[in-house]
Structure formats: structure tokens, C-alpha cells
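Novice: Let me see the structure of the following:
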Amino acid sequence: MADRPDSTSPRTLKTVQRAFDVVRALQDLDGAGVTELAEELGLSKSSTYNYLSTLREHQYVVKEDDTYRLSYQFLHIGEYVRGQTDIYRHGREELDILAHETGRYVHLATEQHGLGVNLYKVRGEEAIGSRYQQSKLQRPDYLHFSATGKAILAHLPRERVEWILDEYGLVRKTANTITDPEELFAELERTRERGYSINAEEEIEGIRAVGAPILAQDGEVLGSVSVSGPAHRLRQPEHRERLVEAVTDTANVVEVNIVTQDSDDDEFPDFRDA
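Specialist: Numbering: from 1, shown residues only. Next comes the predicted model:
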């Protein structure tokens with residue numbers, strides 16, 4: 001499903017790599033001047049200025065006084081990429097319904113390059129942790145401490161999971177975060193057996209979540225959906241069971257939506273190029 005680095009690929013172009021370094025630095029610094037950016041990247045001011053000028057000429061960077069920032073071009077690109085994703089196109093409306101029914105934050109995620117990508121997030125009327133939840137849309141996440149991430153990991157081949165752990169490790173976010181590989185593999189086995197994942201305050205203290213995988217017909221994991229809420233509520237068995245039923249039902253509906261669309265495409269082929 002997801003791409004990962006290929007050690008046999010041709011050598012990368014340093015100029016292209018450096019241009020992406022500039023883009024990432026502008027994101028991390030929330031905009032910067034030439035001097036600050038040059039110091040951040042270890043480049044000369046003239047080289048930094050040349051990269052910024054090129055990106056600005058192609059409308060990927062804007063200049064406000066002496067500060068350079070990323071432009072809305074990246075927003076358009078991101079929306080295009082997200083719109084090409086099956087689980088987003090066929091799951092967005094279902095997540096809106098789930099958020100309305102549960103009153104909680106709901107999340108739709110997938111995996112790429114061994115990290116979790118948050119594709120969509122909806123806030124229910126009783127949701128908490130708004131600032132933190134919104135920030136999750138702006139960056140990739142480790143997979144091992146979230147309900148969406150563990151639902152995905154549980155259905156990836158073990159070899160793939162081992163590669164992810166070797167690449168990124170098991171970063172601790174709270175006292176409850178699983179940081180031992182064998183303990184994580186045991187948790188992933190339990191997740192497969194019961195059909196849903198649990199985030200027991202492993203990502204942020206005071207918030208728990210339950211998640212379910214979204215699977216293709218051949219069993220490949222396409223992504224996952226989760227619901228998060230106050231830890232004290234999700235510790236209550238009746239409340240947790242209601243959320244588990246709601247999130248697994250939503251995942252199943254998204255799977256059916258995807259299969260139905262694929263079937264429609266097969267039944268009505270595109271003859272435009274015939």
C-alpha cells in the first residue's frame with residue numbers, strides 16, 4: 001500500500017534535496033528571513049537567497065516584508081493528493097455522521113513511509129482537546145501510540161512493522177506509551193483478535209480512543225478510523241462498547257463504499273481512450 005525508501009534507487013540530486021530542505025525549514029520555523037534560514041540550514045546567505053528566489057518565482061514561497069513563507073500552492077497540492085485517496089473520498093461523509101452521533105473527535109488516517117497521515121478530522125459537539133487535535137492534521141505521526149496507528153500496524157505484514165520500528169523506534173509520549181517491541185507485537189495481536197484498537201492515554205494524558213481498520217477485499221489495510229474522548233468516560237465499559245460498535249460500523253461502511261465504487265467502475269468501463 002505505502003511507499004518506502006528504496007536503497008537501490010539512483011543517487012538523489014542535491015539541488016532538489018536542498019530545495020525540499022528549504023521548504024521543510026520554512027514550515028518548522030513558521031516563516032523566516034534569509035539570515036535565519038541560512039543559519040538553520042548551514043548554507044551561505046547567497047545560496048539561501050537563490051533557493052528562496054526560485055521557489056518564489058514559481059509561486060511556492062511568498063515574501064512578507066523580510067519574511068519568507070510557504071504559499072497556498074501547497075494547500076492546492078495537498079487537497080489534490082487527499083482527494084485521490086479512496087478512504088477519504090468514500091469515508092468523509094461517514095466520519096461526519098460518526099462525529100454527530102458520538103459527539104467526539106473522529107479521525108481518518110492512513111500510512112505512508114512508515115508514519116501515520118491524518119487525512120480528515122471532525123469535531124463533535126462534546127469533543128475536547130481542540131488545539132492538539134487540529135495540529136495533528138499538519139504533520140505525520142508515529143503509529144504506535146494512537147488508535148488509528150495501532151489499527152493500521154495490526155494489519156500490516158510483520159516485516160513491514162519491523163522496518164517501521166527500526167526506522168523510527170518507539171518514542172514515548174506518556175507514561176502509558178508502549179516502548180517495548182514485543183509488548184507492542186502482543187498488543188497488535190490482541191487488536192487483530194478483537195477487531196479494534198485502543199489508545200489508553202498513550203498519546204496524550206486524559207484522552208483515550210478506540211479505532212478500527214479499513215481493509216480492502218484482499219485484506220490490505222487502507223487506513224483506519226477512530227473516536228477519541230475523555231479517559232474517564234472511555235474507561236466505562238458501556239460507553240466504550242458503544243463507541244467500539246460505532247467506529248467498527250463506520251469502518252465497515254467505508255469498506256463497502258470503496259468496494260461498491262470499484263464494482264461500478266468495472267461494470268461501466270471508461271471508453272474515452274478506445
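
Novice: Please count neighbours and contacts with C-alpha atoms only from this point.
Specialist: Noted.

Novice: got a list of contacts for stretch 95-112?
Specialist: Residues outside stretch 95-112 that contact it (CA atoms under 8 Å, 6 or more residues apart in numbering): 2-4, 88, 91, 116-128, 148-149, 152, 222-229, 243, 246-247, 250.

Novice: Keeping just the C-alphas, turn that stretch into CSV.
Specialist: Extracted in CSV, the C-alpha atoms of stretch 95-112 (Å, rounded to 0.1, in the frame of the first residue of the first chain):
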residue,chain,number,x,y,z
LEU,A,95,-17.0,10.4,9.6
ASP,A,96,-19.3,13.4,9.7
ILE,A,97,-22.1,11.1,10.7
LEU,A,98,-19.9,9.4,13.3
ALA,A,99,-18.9,12.7,14.9
HIS,A,100,-22.5,13.8,15.0
GLU,A,101,-23.6,10.5,16.6
THR,A,102,-20.8,10.3,19.2
GLY,A,103,-20.2,14.0,19.9
ARG,A,104,-16.5,13.2,19.9
TYR,A,105,-13.4,13.9,17.8
VAL,A,106,-13.2,11.3,14.9
HIS,A,107,-10.2,10.7,12.8
LEU,A,108,-9.4,9.2,9.4
ALA,A,109,-5.8,8.1,8.8
THR,A,110,-3.6,6.1,6.5
GLU,A,111,0.1,5.1,6.5
GLN,A,112,2.9,6.3,4.2
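
Novice: Show me what counts as buried in that stretch.
Specialist: Residues of stretch 95-112 classed as buried: 95-96, 98-100, 102-111 (neighbour count, 16 or more other CA atoms under 10 Å).

Novice: when you check those residues against the strands, which ones overlap?
Specialist: Among these, the members falling in strands (DSSP state E) are 105-111.

Novice: need the residues you listed in CSV with distance to residue 167 and pLDDT, can you?
Specialist: Shown next, in CSV, are these (distance: CA to CA, whole Å; pLDDT from 0 to 100):
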residue, distance to residue 167, pLDDT
105, 30, 92
106, 28, 95
107, 25, 94
108, 24, 96
109, 20, 96
110, 18, 96
111, 14, 97
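
Novice: any idea which of those is closest to residue 48?
Specialist: Minimum distance to residue 48 across these is 32.6 Å, recorded for residue 111 (CA to CA).

Novice: From the contacts of stretch 95-112, list just the buried residues.
Specialist: 88, 91, 116-124, 127-128, 148-149, 152, 222-229, 243, 246-247, 250.

Novice: how about the helices of the stretch 101-250 of the chain, start to end?
Specialist: 130-135, 147-153, 158-168, 181-194, 231-234, 237-267 (DSSP state H, counting those that start in this stretch).
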